[in-house]
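Participant: model the following, please.
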Amino acid sequence: MPTVESPSPARPKRASQLRIVDCDVHNALPSKSVIKPHLPARLHAAYDAHPSTSMYGVNIGSRWHTGIFRDDSFPPEGGPPGSSLALMREQLLDKFDIARAILSPLENLGWVQYGELGAALASAMNDHVRAEWLDQDDRLYSAITVATEDGEAAAREVRRIAALDRRFVQVLMLIGSRDPLGHPKYWPIYDAAVECGLPVAAHVGGYPGTSSPVGSVSYQVARHTVWPTAYQAQVISLLASGVFERLPELQFVLEEGGFTWVPSLMWRLDRMAPSFREQLPHLEGRPSDVIREHFSFTTQPIDEPEKAEYMTQTIEQTGMADRIMFATDYPHWDFDPPTKMLRSEVSAEVREKIFAGNAERLYPWPA
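Facilitator: A predicted model of the protein is given here:
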């Protein structure tokens, strides 16, 4: 169980210091057993035997880092990275004076995403996070864990948690879905999200093989590099499905996929859409307009070019300076500290938007 302390007192901020909202922070269970009090007893045996379906199993050419985590993120008292609130405070919240941090539990990225066990695990995780994390530090908020592949059960969980605790500020789905996210089976989740005033986040994770357009990859460098292709496919699926016309208030946050690929996707879609107009009767404007209205992106991993001015140009090309939000991806090995990204060529106004302003506007923070 994470070290429990009284909420950290607010520290005075320097006048020159940027306010920071971290939109993707990963917490974890210190052991499998801690979630059992929130899980029906009849499912304990199935949970104990549950194999992870995580795509991180292993690839040739692994990094020297310990798995997918920072080498210094393993708690001294034991447990996996992300399981110690004390260490998270030391390495992230206090060190960088984070104003708000949105949690995305690590286990869900590899848990079963359907059926009774999937739904029960999602509910148990939300109840665990509420008691053992959100109640311990007032800087913490969370995504609602759902069983992505069971739309009806996921929708019920969204409504349950949204009614129970407004510190859950988004719905967590996985970019590695069994079917493209525009498929109607996922629409009950979107209905519930809009009803509850919550954006939907699509995060790296899910079924093996879906990170690549050519199936499962063999190398770590390939897996890490090709994730944007999965994000592009999901954006196109959602746009072509007509879900945004049905739910004009629906908002998506694409996490851990970067955003530098967005301009070229919008250009290509705008060029191709007129040729397929009969297949897109619901699409009145340009695809790029729909993307700018309904999608936001977190920075990590940010692909900063050698020439810093190119980053400014890329942000300008997206036309989405108000849709890019800072994230560290703590405690992963490619963690992006706020002190080492977006160099001085990015204007102060854009910097403020990315580090806090855009997230403050998008998420339904409780009063």
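
Participant: elements contacting the strand of greatest length in the chain?
Facilitator: In the chain, taking DSSP state E as the definition, the longest strand is strand 168-176. In terms of contacts (3 or more Cβ pairs under 8 Å, 6 or more residues apart in numbering; DSSP states H and E), strand 168-176 is packed against strand 140-145, helix 151-164, helix 187-195, strand 200-206, helix 220-241. Bear in mind the C-beta positions are built from the backbone N, C-alpha and C, glycine included.

Participant: what's near enough to touch P366?
Facilitator: Residues in contact with P366, defined by Cβ atoms under 8 Å, 6 or more residues apart in numbering, are R166, R167.

Participant: how much space between it and Q300?
Facilitator: 25 Å (Cβ to Cβ, to the nearest Å).

Participant: what sits up against the host helix or strand of D270?
Facilitator: Following DSSP states H and E, the helix or strand that holds D270 is helix 262-272. Outside helix 262-272, the residues within contact range by Cβ under 8 Å, 6+ apart are 232, 235-236, 239, 286-288, 291, 297, 314, 317-318, 320.

Participant: and of these, the nearest to V204?
Facilitator: V204 has its nearest neighbour among the contacts of helix 262-272 in F297, at 12.9 Å by Cβ to Cβ.

Participant: what is the neighbour count of the closest one?
Facilitator: F297 has 25 neighbouring residues, counting by other Cβ atoms under 10 Å.

Participant: same question for the one 4 residues further on.
Facilitator: Each residue near P301 was counted by other Cβ under 10 Å, and the total is 22.

Participant: do a quick rundown of the strands in the protein.
Facilitator: In the chain, the strands defined using DSSP E lie at 21-25, 100-103, 140-145, 168-176, 200-206, 252-255, 295-298, 324-325.

Participant: can you lay out these as JSON lines showing distance to A86 and mean pLDDT?
Facilitator: As requested, the strands of the chain are exported to JSON lines (distance: least, Cβ to Cβ, whole Å; pLDDT from 0 to 100):
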{"stretch": "strand 21-25", "distance to A86": "15", "mean pLDDT": "98"}
{"stretch": "strand 100-103", "distance to A86": "15", "mean pLDDT": "98"}
{"stretch": "strand 140-145", "distance to A86": "13", "mean pLDDT": "98"}
{"stretch": "strand 168-176", "distance to A86": "23", "mean pLDDT": "95"}
{"stretch": "strand 200-206", "distance to A86": "25", "mean pLDDT": "90"}
{"stretch": "strand 252-255", "distance to A86": "25", "mean pLDDT": "98"}
{"stretch": "strand 295-298", "distance to A86": "25", "mean pLDDT": "98"}
{"stretch": "strand 324-325", "distance to A86": "26", "mean pLDDT": "98"}
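
Participant: thinking again about what came up before, now the helix holding D270: buried residues?
Facilitator: V262, P263, L265, M266, L269 (16 or more other Cβ atoms under 10 Å).

Participant: which residues of the stretch 251-367 of the chain score low on pLDDT?
Facilitator: For the stretch 251-367 of the chain, the stretches with pLDDT under 70 are 343-344.

Participant: how about the helices in it?
Facilitator: 262-272, 287-294, 308-318, 348-352, 358-362 (DSSP state H, counting those that start in this stretch).

Participant: and of those helices, who's closest to P248?
Facilitator: That would be, of the helices of the stretch 251-367 of the chain and by Cβ to Cβ, helix 287-294, which comes in at 8.5 Å.

Participant: which strands and helices lie in contact with that closest one?
Facilitator: Using 3+ Cβ pairs under 8 Å, 6+ apart, helix 287-294 is in contact with helix 220-241, helix 243-246, helix 262-272.

Participant: one more time with 6 Å
Facilitator: Helix 287-294 sits against helix 262-272, with contacts defined as 3 or more Cβ pairs under 6 Å, 6 or more residues apart in numbering; DSSP states H and E.

Participant: next, the angle helix 220-241 makes with the helix it packs on.
Facilitator: 40 degrees (axes from the mean of the first three to the mean of the last three Cα atoms, to 10 degrees).

Participant: now tabulate the helices of the stretch 251-367 of the chain in TSV and tack on distance to R166.
Facilitator: TSV is the format used below for the helices of the stretch 251-367 of the chain (distance: least, Cβ to Cβ, whole Å):
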stretch	distance to R166
helix 262-272	30
helix 287-294	22
helix 308-318	30
helix 348-352	25
helix 358-362	15
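
Participant: nearest to N108, out of those?
Facilitator: With Cβ to Cβ as the criterion, N108 lies closest to helix 358-362 of those, at 21.0 Å.

Participant: okay, P281 and G242: tell me how far apart.
Facilitator: 8 Å.

Participant: please identify which of those two sits among more neighbours.
Facilitator: Neighbours per residue (other Cβ under 10 Å) separate P281 from G242, with G242 holding more: 15 against 9.

Participant: what's the closest non-adjacent residue to that one?
Facilitator: Sequence neighbours aside, H282 is the residue nearest to G242 in space, at 4.1 Å (criterion: Cβ to Cβ, 6 or more residues apart in numbering).

Participant: neighbours of the one you found, just the number please.
Facilitator: The local packing of H282 (other Cβ under 10 Å) involves 13 other residues.

Participant: pretty sure it sits against L247.
Facilitator: No: in this structure, H282 is not within contact of L247 by Cβ atoms under 6 Å, at 11.9 Å.

Participant: tell me how many other residues surround A233.
Facilitator: Using other Cβ under 10 Å, the number of residues around A233 comes to 16.

Participant: need the nearest residue in space to G79, chain neighbours excluded.
Facilitator: Using Cβ to Cβ, 6+ apart and skipping the chain neighbours, the partner closest in space to G79 is P30 (3.7 Å).
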